[in-house]
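A.B. asks: Predicted model and sequence below, questions to follow.
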Amino acid sequence: MLTFEEKQQIIEGFPELVKKEVSMKRLNYHYEESLFDKTVVVQHLHPNGNGFVYVADVKGYEPDERGLVNIREFSADELRTVIQAAIKGLATEAVEEEMLEEVWQNAEGQTLTLLEEDDFFNVYHGYNLEEGFGDYEEAAGYLKEEGFSVKTK
């Protein structure tokens, strides 16, 4: 485990972070150029070696309910990597993922639309909901069983 001083030295190697002292000898490090209201990258770095990094929208980490991951046992490389990822997350606009929309057609020319909505895959006949599924494979399987295939443009 890295010492408090070693962690502090690594964190302070990121010139874009601003150190702010908080209670009980703990330190926070802010990324003030954040595109979001959230600016804290490193929270409550404590002399006992404990601390947290904000990774709410960073893939590859399992944050707690506050969006933080504990860095107590992180190696020097792991600490650098997580801080870089956290800064990048705060410096990048969130990109809205394209939702799936496919038109499926059967041999008689009838069409159904498969839409991804709120983590569900819904099959529509016109504006009427025909069926809803938890994942794409289930929805596609249903459509294939009913004699439909993806309509080519």
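C.D. replies: Structure's in. What do you need? Keep in mind that what you see is a predicted model, and the values were worked out from it rather than measured.

A.B. asks: Could you check how far the residue most central in space within the chain is from residue 18?
C.D. replies: Closest residue to the average C-alpha location of the chain: residue 57 at 3.2 Å, with C-alpha atoms, centre = their mean. For residue 57, the distance to residue 18 equals 21 Å [C-beta to C-beta, to the nearest Å]. From N, CA and C alone the C-beta is placed, and that goes for glycine too.

A.B. asks: do residue 110 as well
C.D. replies: Counting by C-beta to C-beta, the gap from residue 110 to residue 18 is 61 Å.

A.B. asks: residue ranges with poor pLDDT in this protein?
C.D. replies: Residue ranges of the chain with pLDDT under 70: 94-97, 153.

A.B. asks: Which stretches in it count as helices?
C.D. replies: Using DSSP state H, the helices found in the chain span residues 4-11, 76-91, 136-145.

A.B. asks: Let me have those in CSV, extended by mean neighbour count.
C.D. replies: Listed next are the helices of the chain as CSV, based on neighbours: other C-beta atoms under 10 Å:
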stretch, mean neighbour count
helix 4-11, 16
helix 76-91, 17
helix 136-145, 15
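
A.B. asks: among the ones you listed, which is nearest residue 101?
C.D. replies: helix 136-145 (12.0 Å; C-beta to C-beta).

A.B. asks: How far does the closest one sit from its chain's centre?
C.D. replies: 27 Å (C-alpha atoms, centre = their mean, to the nearest Å).

A.B. asks: can you check stretch 72-85 too?
C.D. replies: Stretch 72-85 sits 18 Å away from the centroid of its parent chain (C-alpha atoms, centre = their mean).

A.B. asks: Which parts of the protein are strands?
C.D. replies: Counting by DSSP state E, the chain has strands at residues 17-21, 27-31, 40-45, 52-54, 68-70, 101-105, 111-117, 120-125, 128-133, 149-150.

A.B. asks: closest to residue 85 out of these?
C.D. replies: Of all the strands of the chain, strand 52-54 comes closest under C-beta to C-beta, at 8.5 Å.

A.B. asks: And that closest one, what does it pack against?
C.D. replies: Using 3 or more C-beta pairs under 8 Å, 6 or more residues apart in numbering; DSSP states H and E as the contact test, the elements touching strand 52-54 are strand 40-45, strand 68-70, helix 76-91.
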